[in-house]
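[1] sequence and computational prediction follow.
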Amino acid sequence: MSVPFMVSIARLAVAESGISMKQYLAALPFRSTAIRTFTDCPTSLKSRSSCWSSGTLSIFEKGWYCFTPSISLMCPNAMATRLRQTSDRLQRRTIIKSTTSRSRPQRVNRLVEIANGKDAVVLRCSHRGCRDVIPVCILKLSDRCSTTFKSAKWHHISCDEHYCQCCYDCYTQKSGLRKVNDWRRLWKLNGGKALPSIKLFIAEGQSATIDPFLHMGRMLYGEEGRGWCWRKPSSANKRNEMLHIVLFAKEGGSESQNLCEIEQIILLSSTLLDSVYEMFEMADSAWHIRVISPTDDGQDPCSVAEDPVARRALVSYWFKYLAVPPLLKNSPAAVFLKKEYYFDLLGMSPTMSVSVEQNARPFYMATDYDRARCFRPDAMEPDEIKAFPEYESEQNFYLCLRNLIVALWNLNPSNWITPADCKKKIICRGLIRILLTHEVGRILQFLTHQGLVNFGLLKNPPNCFSIAPKKMSVVVVGAGISGIAAARQLQNFGVNVVVLEIKEKAGGRIVDDCSFGVPVGRGGQLITGIINNPFCVLCFQAGINFRVLREECPLISERTGKIVNHDVDRQVECHFNALLDVIEHWQRRGDMDDNLLTLMKKVDRCYSAHKCGSSLESVDEEELFNFHISNLEYSCGSPLEMVSGLHWNQNEKFPQFAGSHALMTAGCARITDQLVEGLDVRYCKKVVGIDYSSEQVKVCTADEETFICDKVIVTVPLAVLKKECIEFLPALPDNKLKAISTLGCGIIEKIALRFSKNFWSKKTNAADYFGSVSSKGQQRGFFNVFYDFTPPGSSDDETCNVLMCYLSGESAQLIHSKTDEAIVDLCVQTLRRMFPEEDIPEPMKYMVTRWGQDPDIGMAYSYICVGATGDDYDAMAETVKGKVHFAGEATSRQFPQTFTGALVSGLREASKILG
């Protein structure tokens, strides 16, 4: 028995018995009289269509009732009949087309209105996912607008937004068409990909009559104005006063005022009311403001119930039936994407005008190679799809918000990016804005927990980023940059963190010596690639400048004391790169039989085969070739005889930081000092044991103090793990132990010298750094490159003439058998051979590092030695039993050997804990 037929029976029974419809329905086996649950109805009343499985029966006037399926349970192809509640003077009923017994009920496509005894047929929206039986025109442009729901055709924007054929015709002729053509020219000029149709013109909000953002203003305040509630902060001990701001059109006012911008500020700005008046009471403004207080009509306007249309926009499948995707106006992401992508494919309007920003590059460009920490603006990343699977097939909705958040962060990383900040930039029209403002908080929290935005030196996070009410406790072992970065990130989100550091100061291998008049790093001080580098973000937050290094590096021969001929230098560099290409080709073969061959043997073999057809026969060329070999040893942190020939450059398979290198002339310790502020750091605490056998982790120190926590992050150097200074109970997994034993601990030592005069700038043309080409037969790795720490424009000779160089390869081992004075003397002799025309004095001050002899560190950075692979870095980064985490440069497969890699690894582990 069909529902309409059952309705007829009900009316007949009421008419014959003389009882009311409510009394009649009360006699039926339903739970309630006003609203019935359809699942309780007799089987004979249920449709064979699965979409009628749940819903409500609503009683209307004059004996009619209708089934309405639950919104959350309606399938996309629902064929159910729906009616809106009617007034006393008007009733509506639906007509279902007749069907055969084997077919499903067809969707209702016509509506009959009964008013004053007359019927009128109205077409329904033809879109397959539209839920509105009675479309309502949102434009109301034409005098013949179908305000009585009569239209020859309805045009679909969303399931709750339509416009009639008469209003559509207004844009196909005369002044309306001129506006559309002007918009089309702008659309094409700025590179819009989609066809600039009239529907897209209307959906983008170019029509001044369509309600901005969401048309709830008309629903709450009527046709004459649009309004929003605004809670005005008041003084203490008083309740906040609720102000209701309504925007009205001025009579005869110009419509040139950007309605989108006006209502963006009214809806979202935190500016006080006086500022709003000042902004909008302008001579050329087409709008004026009226404030409705709760006492104007004796009722709080906020007590008006929200229109159900606003709630339906949040239904999970609602956005799938939009006629066009959302197009954000003036999105901050546009400044990074200008002329590189089709804006409308990224959820942005091509008709906006933006300036181009060249400094930050958070998005991939068409001509770019892989860059680290870059986003594809036109596609979701795998981890994003995993977190937001509902947007996998409709990625524009996610991308427009993610790109907006990333752009806001890169434009100003010194402040927290909050959902309120993002909502201010979500400028679009229609009900889609309800969904966008609802989802932006989720996406922002995901990116924040991933350490992609809202990281670094930021303090006092907003409450919107707090984690679960149950407080989690974490112990971080080691106060290097990876440890304190993880601790800072966790503490910002409500985690109880304790950091245990064996030394008396935080920083680990980031230590500055400021006794030279300028900070000289004893450890890390070079930023390798400044584009999108998170360490550069920390520098910006701390207000610290760095010196971008120029590419020019003059090479000076120790044998002749002259600058090496540029053509010869370029020729040898070309040969050296060709040899590396040969090795890379051999690596792609994946010949495992050669895996234990060292890189040095492969270079020698390739060089011997290549030399027969080359001109590398002069002494200068041999010396230059050894210079490049020693530079490669510096990059690897070890003599090439110990480096894997198959995997030495495994990190180059992953995106790396682009751009120039930079020298932290202000020192890196200022960054770590600010990171550690506010953290609970326990110094002089040597961790000797970690027991993770029970539900909670016990961390034991040498002074017999025990710390109980939920999770622990181990950030000690690889050399400390190799010496088994920390006992793990139970023992670490075999793959973790294998990675610890097979990865190598590189040794690089630094020497810094301060002179009473600057004797090098004249020959080197004030280059940021210059190289020393050793004589043939001399051991490689002796003071290969000298960095000039003299501040630009400095005139103080005694405090600013500082050079820093390093020992690498086998030369770094000599430091164990020589005194500081002997090492300094060797360095000065090298300078005197390079500058024979200068009278080089003895240094006024010097510094020699001995990282290899430090029992608490024992290394500079890791490398892939013979027998190891890049997978060992992944094994180092694996979490044990979900409780023991590892961070540090030796756990970063993508960025090993850098303090940026250590920083990223700390953020990575914090992200794992935050979930």
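    In hand now; what should we look at? Numbering: from 1, shown residues only.
[2] ramachandran angles for the residue nearest to H127 when sequence neighbours are not counted?
    Closest residue to H127 apart from its sequence neighbours, by Cβ to Cβ, 6 or more residues apart in numbering: H156 at 4.0 Å. (Each C-beta comes from the backbone N, C-alpha and C, glycine too.) Backbone torsions of H156, given as degrees, to the nearest 10, read phi -100, psi 130.
[3] quickly note the distance from H156 to L200.
    H156 is 13 Å from L200, where distance means Cβ to Cβ, to the nearest Å.
[4] check F397 too.
    Remark: distance between F397 and L200 (Cβ to Cβ) = 17 Å.
[5] before we move on, the earlier item: so what sits opposite the residue nearest to H127 in the bridge?
    H162 (DSSP bridges).
[6] so what's the residue count around the nearest residue to F343 once chain neighbours are set aside?
    Spatial nearest neighbour of F343, excluding adjacent residues (Cβ to Cβ, 6+ apart): P350 at 4.3 Å. Neighbour count for P350, taken as other Cβ atoms under 10 Å: 22.
[7] next up, the contacts around P350.
    L186, W187, N190, G191, G192, Y342, F343, D344 (Cβ atoms under 8 Å, 6 or more residues apart in numbering).
[8] out of these, which is nearest to A420?
    A420 lies nearest to F343 out of those, by Cβ to Cβ, at 24.7 Å.
[9] what's the burial count for the closest one?
    Neighbour number of F343 under other Cβ under 10 Å is 28.
[10] buried residues, the longest helix belonging to the chain. List them.
    In the chain, taking DSSP state H as the definition, the longest helix is helix 566-589. Applying a neighbour-count criterion of 16 or more other Cβ atoms under 10 Å, one finds V568, D569, Q571, V572, H575, F576, L579, L580, V582, I583, W586, Q587 buried in helix 566-589.
[11] can the residues you listed go into TSV with extra columns for distance to F770 and pLDDT?
    Conversion of those to TSV gives the following (distance: Cβ to Cβ, whole Å; pLDDT from 0 to 100):
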residue	distance to F770	pLDDT
V568	16	90
D569	12	90
Q571	20	89
V572	17	89
H575	22	85
F576	19	86
L579	24	83
L580	23	84
V582	29	81
I583	28	82
W586	33	78
Q587	32	80
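[12] now do the SS call for the residue nearest to F343.
    Classification of P350 using DSSP: H, G, I helix; E, B strand; the rest coil returns coil.
[13] any idea of the pLDDT on it?
    Among the per-residue scores, P350 holds a pLDDT of 79.
[14] distance of it from E204?
    With Cβ to Cβ as the criterion, P350 and E204 are 9 Å apart.
[15] picking that back up, ok, now how distant is the residue nearest to H127 from S638?
    H156 is 66 Å from S638, by Cβ to Cβ.
[16] more neighbours, the two?
    Using other Cβ under 10 Å as the criterion, H156 and S638 rank with S638 on top: 27 against 20.
[17] in contact with that one, which residues?
    So S638 contacts G744, G746, I747, G809, Y863, C865 (Cβ under 8 Å, 6+ apart).
[18] and what of I864?
    With contact set as Cβ under 8 Å, 6+ apart, I864 has these partners: V643, S644, H647, W648, Q650, L743, G744, G870, D872.
[19] where does Y861 fall, phi/psi-wise?
    Torsion angles, degrees, to the nearest 10, at Y861: phi -160, psi 170.
[20] which SS state does the closest residue to it other than its chain neighbours fall under?
    Nearest non-adjacent residue to Y861, counting by Cβ to Cβ, 6+ apart: Q897, 4.0 Å away. Secondary structure, three-state DSSP: Q897 is coil.
[21] thought Q897 was touching G888?
    No. The criterion here is Cβ atoms under 8 Å, and Q897 misses it with G888 at 11.2 Å.
[22] next, count neighbours for S694.
    When neighbours are counted by other Cβ under 10 Å, S694 registers 10.
[23] any idea how far it lies from A420?
    43 Å.
[24] do the same with M365
    M365 is 31 Å from A420, by Cβ to Cβ.
[25] what sits against M664?
    Applying Cβ under 8 Å, 6+ apart to M664 gives the contacts P519, G521, Q525, L526, I527, C539, I544, F546.
[26] list the contacts for the fourth one?
    In other words, L526. Applying Cβ under 8 Å, 6+ apart, we find L526 in contact with H661, A662, L663, M664.
[27] give me phi/psi at the last one?
    Okay, so that is M664. phi -80, psi 80.
[28] for the residue nearest to Y861, phi and psi?
    The phi/psi pair for Q897 (degrees, to the nearest 10) is phi 70, psi 10.
[29] can you tell me the number of residues neighbouring it?
    With other Cβ under 10 Å as criterion, Q897 counts 22.
[30] coming back round to it: most neighbours, which of the contacts of I864?
    When neighbours are taken as other Cβ under 10 Å, the top entry among the contacts of I864 is V643 (27 neighbours).
[31] that residue bridge partners, please.
    In beta-bridge terms (that is, DSSP bridges), V643 pairs with C865.
[32] when you give positions from now on, start the count at 43
    From this message on, residue numbering opens at 43, which makes the last subject V685.
[33] that one contacts C678, doesn't it?
    Yes. Using Cβ under 8 Å, V685 makes contact with C678 at a distance of 5.0 Å.
[34] give me the element L478 is part of.
    helix 474-491 (DSSP states H and E).
[35] and the helix or strand harbouring V516, what does it pack onto?
    Assigned by DSSP H and E, V516 falls within strand 515-519. If you count contacts as 3 or more Cβ pairs under 8 Å, 6 or more residues apart in numbering; DSSP states H and E, strand 515-519 packs onto helix 523-534, strand 538-542, strand 739-743, strand 748-751, strand 753-756.
[36] care to break the chain down by domain?
    43-148, 258-354, 360-491, 515-573+577-585+704-719+726-787+900-956, 597-627+640-701+790-895 (automatic domain parsing).
[37] pLDDT at R226, what is it?
    pLDDT at R226 comes out at 87.
[38] ok, Y411 next?
    At Y411, pLDDT is 66.
[39] ok, now the one 5 residues further on?
    As summarised for this prediction, C416 has a pLDDT of 90.
[40] SS state for G472?
    coil.
[41] gap between the residue lying closest to it once chain neighbours are set aside and Y734?
    Sequence neighbours aside, E203 is the residue nearest to G472 in space, at 5.8 Å (criterion: Cβ to Cβ, 6+ apart). Computed as Cβ to Cβ, the E203 to Y734 distance reads 56 Å.
[42] of these two, who's got more company?
    Neighbours per residue (other Cβ under 10 Å) separate E203 from Y734, with E203 holding more: 29 against 21.
[43] correct me if wrong: the more buried one contacts L181.
    No. With contact defined as Cβ under 8 Å, E203 and L181 do not form a contacting pair (9.9 Å).
[44] low-confidence stretches in the stretch 93-242 of the chain?
    93-164, 173-175, 188-193 (pLDDT under 70).
[45] er, the stretch 643-792 of the chain actually
    Scanning the stretch 643-792 of the chain for pLDDT under 70 picks out 643-644, 646, 648-659.
[46] can you do 80?
    The stretch 643-792 of the chain contains residues with pLDDT under 80 at 643-661.
[47] all helices of it, in order?
    For the stretch 643-792 of the chain, applying DSSP state H, counting those that start in this stretch gives helices covering 661-678, 711-717, 760-764, 776-784.
[48] L356: which of those helices is closest?
    helix 711-717 (39.5 Å).
[49] hmm, who's touching the closest one?
    By Cβ under 8 Å, 6+ apart, the list of residues contacting helix 711-717 reads 498-499, 523, 526-527, 530, 548-549, 552-554, 561, 563, 577, 580-581, 584, 586.
[50] pLDDT below threshold where in the stretch 793-942 of the chain?
    For the stretch 793-942 of the chain, the stretches flagged by pLDDT under 80 are 817-823, 833-842, 856.
[51] so which of the helices and strands packed on strand 515-519 comes closest to G218?
    Closest of those to G218 is helix 523-534, at 52.4 Å (criterion: Cβ to Cβ).
[52] all set, thanks.
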